[in-house]
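# Following is a predicted model, sequence given first.
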Amino acid sequence: MTHADHLTATRAFYDAIADDYADHFRDAHAADPMDRAVLTVYAELVGTGGRVADLGCGPGGITGLLASLGLSVSGLDLSESMLAIARRENPGIRFERGSMLKLEGHADGSLDGVVSWYSSIHTPVDELPALFAEFHRVLTPGGHLLLAFQVGDEPRHLDRPWGHPVALDFQRRRPERMAELLAAAGFDVRVRTVREPEPDRDESAPQAYLIARRPA
């Protein structure tokens, strides 16, 4: 699958499931103590008023939570259907459509923070170095990256979610390998946290959170 095919498939998948996805995951992360703690720590590291981009923001739940923690946040996503929900539910936040592999709307060193909350899971492994290089480019020296993903070696294939005729692979990663790739891109990895899956949230794999810093 080419890069363009991959983006098209991801966009089509989320366009199809946007309403059901937003309903299913509404307030899920804000209600989870571990997710909330990680996001709160991250917001404190960035600092009040810090300029942050939530990349792969989906329906904007995490974007809104980051804004409530005092960050000056914007959202970006491939799916216009997801963005329509995000704009409706977060009218004071700017959302735009685009790929996080090419952050054309952000100049070098223009952000204090970048968040990729379960969005790098749709990036093929051979494109991760370019993705992390782009995150590094847009961060100011001293800026922080937050990365969340599922732990594992094999992808999860999701077929016909909520009855929609679409399918997509969700890549699982090893935290140590992701940390190596971040270091190769010039980041200083500051936090590595892994928690066990929560059966009540229908999780089938451990969840990882990495916080990395572009050196000052």
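Ah, there it is.
# going forward, measure contacts and count neighbours with C-alpha atoms only.
Will do.
# and the gap between the closest residue to residue 155 other than its chain neighbours and residue 214?
Leaving aside its sequence neighbours, residue 155 sits nearest to residue 171 (Cα to Cα, 6 or more residues apart in numbering; 4.4 Å). Separation of residue 171 from residue 214 (Cα to Cα, to the nearest Å) stands at 25 Å.
# try residue 111
Distance from residue 111 to residue 214, by Cα to Cα: 11 Å.
# again, but for residue 124
For residue 124 relative to residue 214 (Cα to Cα), the value is 23 Å.
# between those two, which one's more packed in?
residue 214 (24 against 14; other Cα atoms under 10 Å).
# got the phi/psi numbers for that one?
Note on residue 214: its backbone torsions stand at phi -80, psi 120 [degrees, to the nearest 10].
# Thought residue 185 was touching it, still the case?
No: taking contacts as Cα atoms under 8 Å, residue 214 lies outside contact range of residue 185: 9.4 Å.
# intersection of neighbour lists for those two?
residue 136 (Cα atoms under 8 Å, 6 or more residues apart in numbering).
# hang on, residue 64 in a helix?
Yes: membership of residue 64 in a helix is supported by DSSP: H, G, I helix; E, B strand; the rest coil.
# who are the neighbours in contact with it?
Counted by Cα under 8 Å, 6+ apart, residue 64 has contacts 90, 93.
# gap between it and residue 127?
28 Å.
# now residue 208
In terms of Cα to Cα, residue 208 sits 20 Å off from residue 127.
# Pick out whichever of those two has more residues nearby.
Neighbours were counted for residue 208 and for residue 127 using other Cα under 10 Å; residue 208 has more, 21 against 12.
# Quick one: neighbours of residue 70, just the number.
Applying other Cα under 10 Å, I find that residue 70 has 16 neighbouring residues.
# tell me which element it is part of?
Using DSSP states H and E, residue 70 sits within no helix or strand.
# Now it. Nearest residue, chain neighbours left out?
residue 48 (5.0 Å).
# Checking that neighbour next. Helix, strand or coil?
Per three-state DSSP, residue 48 ends up coil.
# how about it, phi and psi?
The phi/psi pair for residue 48 (degrees, to the nearest 10) is phi -60, psi 130.
# now residue 168
phi -160, psi 150.
# May I have the secondary structure class of the residue nearest to it when sequence neighbours are not counted?
In space, and not counting its chain neighbours, residue 168 is closest to residue 158: 5.5 Å by Cα to Cα, 6+ apart. Three-state call for residue 158 (three-state DSSP): strand.
# before we move on, what about residue 169?
Of the three states, residue 169 takes strand according to three-state DSSP.
# Let me see the confidence value for it.
pLDDT, residue 169: 89.
# The one 4 residues further on now?
With respect to pLDDT, residue 173 scores 97.
# quick one: contacts for it?
Residue 173 neighbours (Cα under 8 Å, 6+ apart): 149-153.
# Show the buried residues in those residues.
Buried members of the contacts of residue 173, scored by 16 or more other Cα atoms under 10 Å, are 149-152.
# List of residues touching the longest helix seen in the chain?
The longest helix of the chain (DSSP state H) is helix 3-25. Helix 3-25 is contacted by residues 59, 78-82, 85, 122, 161-162, 164, 166-168 when judged by Cα under 8 Å, 6+ apart.
# at 7 Å instead, please
59, 78-82, 164, 166-168 (Cα atoms under 7 Å, 6 or more residues apart in numbering).
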